[in-house]
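> Need a 3D model of the sequence below.
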Amino acid sequence: MATIEDFDRLEIRVGTVVDAQPLPAARKPSIALWIDFGAPLGVKRSAAQVTVHYKPGKLIGRQVLAVTNFPPRRIADFESEVLTLGVPDEDGTVVLLKPDFKVPDGGRMF
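The predicted structure follows:
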């Protein structure tokens with residue numbers, strides 16, 4: 001069982017996608033995201049396997065939730081700095097998590 005202390009170590013924050021581009025070098029179809037988390041984090045990059053439900057241009061301006069304190073991971077030729085969060089639909093395809101209402105970028109989930 002996880003403890004509240006385990007949960008507290010994760011920094012899950014909201015940010016707004018400011019750019020999104022196809023990531024053709026990735027083994028699995030992915031989109032490179034640039035997400036603005038506001039001050040002090042600024043813009044962070046994320047590789048997301050969300051090509052079934054999302055087109056890059058439609059993601060710009062969308063708020064998403066991401067884990068911001070994992071170490072960076074290399075996805076093909078792209079350094080992914082945050083883990084964008086989603087849940088599977090009935091087919092196992094990623095659906096992104098987002099707040100119901102516009103909230104300040106950088107807000108931490110609790």
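> From now on I want contacts and neighbour counts done on CA atoms only, so please keep to that.
Fine.
> roughly how far out does the lowest-mean-pLDDT helix or strand in the chain sit from the chain middle?
Using mean pLDDT, DSSP states H and E, strand 73-75 stands out as the lowest-scoring helix or strand of the chain, at a mean of 94. Centroid separation for strand 73-75 versus its chain: 14 Å, with CA atoms, centre = their mean, to the nearest Å.
> Give the buried residues for it.
For strand 73-75, the neighbour count (16 or more other CA atoms under 10 Å) marks I75 as buried.
> just to confirm, which helix or strand has K58 in it?
Using DSSP states H and E, K58 falls within helix 56-59.
> for P24, that is, sorry about that
For P24, there is no enclosing helix or strand under DSSP H and E.
> So what's the predicted local confidence for the nearest residue to it once chain neighbours are set aside?
Counting by CA to CA, 6 or more residues apart in numbering, P24 lies nearest to S30, which is 7.3 Å off, once chain neighbours are set aside. Per-residue confidence (pLDDT) for S30: 95.
> Likewise for A25?
What the model reports as pLDDT for A25 is 89.
> Quick check on it: phi, psi?
Recorded main-chain torsions at A25 are phi -80, psi -10, according to degrees, to the nearest 10.
> Could I get the contacting residues of the spatially most central residue of the chain?
The centre of the chain sits closest to T84, judged by CA atoms, centre = their mean, with a distance of 2.0 Å. Listed by CA atoms under 8 Å, 6 or more residues apart in numbering, the contact set of T84 reads 46-48, 64-67, 96.
> Same question for G38.
By CA under 8 Å, 6+ apart, the neighbours of G38 are 15, 105-106.
> Give me the distance between it and T16.
Noted for G38: a distance of 9 Å to T16, by CA to CA, to the nearest Å.
> And for L23?
19 Å.
> show me the contacts for the residue nearest to P24.
Contacts of S30 by CA under 8 Å, 6+ apart are 22-24, 47-51.
> for V17, same thing?
Neighbouring residues of V17 by CA under 8 Å, 6+ apart: 33-36, 59-64.
> Just the closest of the contacts of G38 to A76, please.
G15 (23.6 Å; CA to CA).
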